[in-house]
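Enquirer: One predicted model, sequence on top.
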Amino acid sequence: MLRALKTKVGLILLTCLVAFGIVDNVFYPDVSYGATEEVVLTSKISYAKTPEIITQGNDIVTIDLSNTGRGYFAAKYTGGNERVKLIISKNGYDEDIIYDIPVEKYNEYIVLPFHAGNGEYSISVWEYVSGMLYKSVFSDTRNVEMYDEVSSFLYPSLNVDFDGDSLAVHTAAILARSSENDREFVKEVFNWITATIEYDYAKEADIKAGMRYITQIDEVMLSKKGICLDYATIMVAMLRSQGVPAKVVVGLVEYQGEILFPKHSWVSVYFADETGGEWVDFDPTFKTTKEKGVKCNNYSCRYSPEYSY
């Protein structure tokens, strides 16, 4: 079975310049060194587990479904193909999410969220043939019932990859010390990212030219340059490391009826309250690119999400 694929997660993420809000009073922690023992103790990382209690697969693919209730699964590819993709789709959900499995992740589990709540999901793995053609080497359909629909967005995953030694975790722990609640903490993280990381127009041009890309969080933080995917991924990693549910959202942005960015990345954060909580969108990219003259916020621009993870 052959299928022509257009790459989405980790490969697209093209032009990015917009934001929902501007906040001030920036705090600058030192991120020139790795996490200390004290910082690790103040992080709240939820690590995904792969107990292999419930699995599906074959001789080259293993899917660990032991933690569907917590909103994620793990996949392991042990074959030798040079390009491998994993596709996850939700019944009734318009967009499939296509993940490239990096060669360096072969023979180990990668963690991926069930991105669209409860329901029936299809998971498939595809090996490269030639041109745009791939062949299916695994497919499974699974009904997912989660304990809640927020936990999916608390764990490190393939495209939001961090651990206790990550600079994002270290920085988030410092910012959290001066924050009295989640909303203050999110504001501190937003401020730090927009004040510290400048927009990387050269990388944007490379991706437009077809460069394959997944954010390497520490590399971007050390270089202090990034694109919209980098801003969103780092912010999500920092928030998750302190127990705040957050997800990277990919979609298009319109301004006065004109599509500004057909593929843009921003952040959605879950704030719990007595009434059950709400998802609130943040876009950290625009503040660093305001010299371009784009005047976007949650009132002037329309954000249309396609998928999230």
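Expert: Received the coordinates, thanks.
Enquirer: now residue 45, nearest residue through space, not along the chain?
Expert: residue 241 (5.3 Å; Cβ to Cβ, 6 or more residues apart in numbering). Where C-beta positions appear, they are placed from N, C-alpha and C, glycine not excepted.
Enquirer: all helices of the protein, in order?
Expert: Remark: helices assigned in the chain by DSSP state H are 37-42, 167-177, 182-196, 201-208, 217-223, 228-240.
Enquirer: now, of those, which is deepest in the fold?
Expert: Comparing the helices of the chain by mean neighbour count (mean count of other Cβ atoms under 10 Å), helix 228-240 comes out on top with a mean of 29.
Enquirer: Residue ranges in the stretch 201-309 of the chain under the pLDDT threshold?
Expert: Filtered on pLDDT under 70, the stretch 201-309 of the chain yields the residue ranges 209-211, 262, 287-299.
Enquirer: again, only this time at 50
Expert: Applying pLDDT under 50 to the stretch 201-309 of the chain flags residues 291-293.
Enquirer: Would you mind saying which of the helices of the chain lies nearest residue 144?
Expert: For residue 144, the closest of the helices of the chain is helix 228-240, at 20.2 Å, according to Cβ to Cβ.
Enquirer: Show me how far the closest one is from its chain's centre.
Expert: 7 Å (Cα atoms, centre = their mean, to the nearest Å).
Enquirer: what's the angle from it to helix 167-177?
Expert: Compare the direction of helix 228-240 with that of helix 167-177 by axes from the mean of the first three to the mean of the last three Cα atoms, to 10 degrees and you get 50 degrees.
Enquirer: report the angle between the axes of helix 228-240 and helix 182-196?
Expert: 140 degrees.
Enquirer: quick one: contacts for the residue nearest to residue 45?
Expert: Contact analysis of residue 241 by Cβ atoms under 8 Å, 6 or more residues apart in numbering lists 43, 44, 45, 162, 166, 168, 169, 172, 173.
Enquirer: Residue 239 is in contact with the first one, correct?
Expert: No. With contact defined as Cβ atoms under 8 Å, residue 43 does not count as touching residue 239 (11.7 Å).
Enquirer: Mutual contacts of the two, please.
Expert: Applying Cβ under 8 Å, 6+ apart, one finds that residue 43 and residue 239 are jointly contacted by residue 172.
Enquirer: before we move on, back to that, any chance of the contacts of residue 241 in TSV, with pLDDT and distance to residue 148 too?
Expert: Listed next are these as TSV, based on pLDDT from 0 to 100; distance: Cβ to Cβ, whole Å:
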residue	pLDDT	distance to residue 148
43	78	22
44	87	17
45	89	18
162	96	22
166	95	25
168	96	24
169	96	24
172	96	22
173	95	25
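Enquirer: what's the residue closest to the geometric middle of this protein?
Expert: Central residue check for the chain by Cα atoms, centre = their mean: the C-alpha nearest the mean position is that of residue 248, 4.2 Å away.
Enquirer: Leaving out sequence neighbours, find the closest residue to it.
Expert: Once flanking residues are discounted, residue 248 sits nearest to residue 232: 4.7 Å by Cβ to Cβ, 6+ apart.
Enquirer: Residue 68 now?
Expert: In space, residue 68 is closest to residue 144, 5.0 Å off (Cβ to Cβ, 6+ apart).
Enquirer: Who is the one you found paired with across the strands?
Expert: residue 119 (DSSP bridges).
Enquirer: For it, give me its contacts.
Expert: Contacts of residue 144 by Cβ under 8 Å, 6+ apart are 68, 114, 118, 119, 120, 121.
Enquirer: which among these gets closest to residue 93?
Expert: The shortest gap between residue 93 and any of the contacts of residue 144 belongs to residue 119, at 7.9 Å (Cβ to Cβ).
Enquirer: any idea how far residue 197 is from the closest residue to residue 109 other than its chain neighbours?
Expert: Nearest non-adjacent residue to residue 109, counting by Cβ to Cβ, 6+ apart: residue 74, 4.1 Å away. Note on residue 74: its distance to residue 197, by Cβ to Cβ, to the nearest Å, is 30 Å.
Enquirer: looking at the helices of the chain, which is closest to residue 267?
Expert: That would be, of the helices of the chain and by Cβ to Cβ, helix 228-240, which comes in at 5.0 Å.
Enquirer: Could you check how many residues crowd around the nearest residue to residue 207 once chain neighbours are set aside?
Expert: Of all residues not flanking residue 207 in the chain, residue 213 sits nearest, at 5.6 Å (Cβ to Cβ, 6+ apart). Neighbour count of residue 213, defined by other Cβ atoms under 10 Å: 17.
Enquirer: Ramachandran angles for residue 213?
Expert: Its backbone dihedrals place residue 213 at phi -150, psi 130, with angles given as degrees, to the nearest 10.
Enquirer: Torsion angles phi and psi at residue 115?
Expert: Dihedral angles (degrees, to the nearest 10) for residue 115: phi -90, psi -10.
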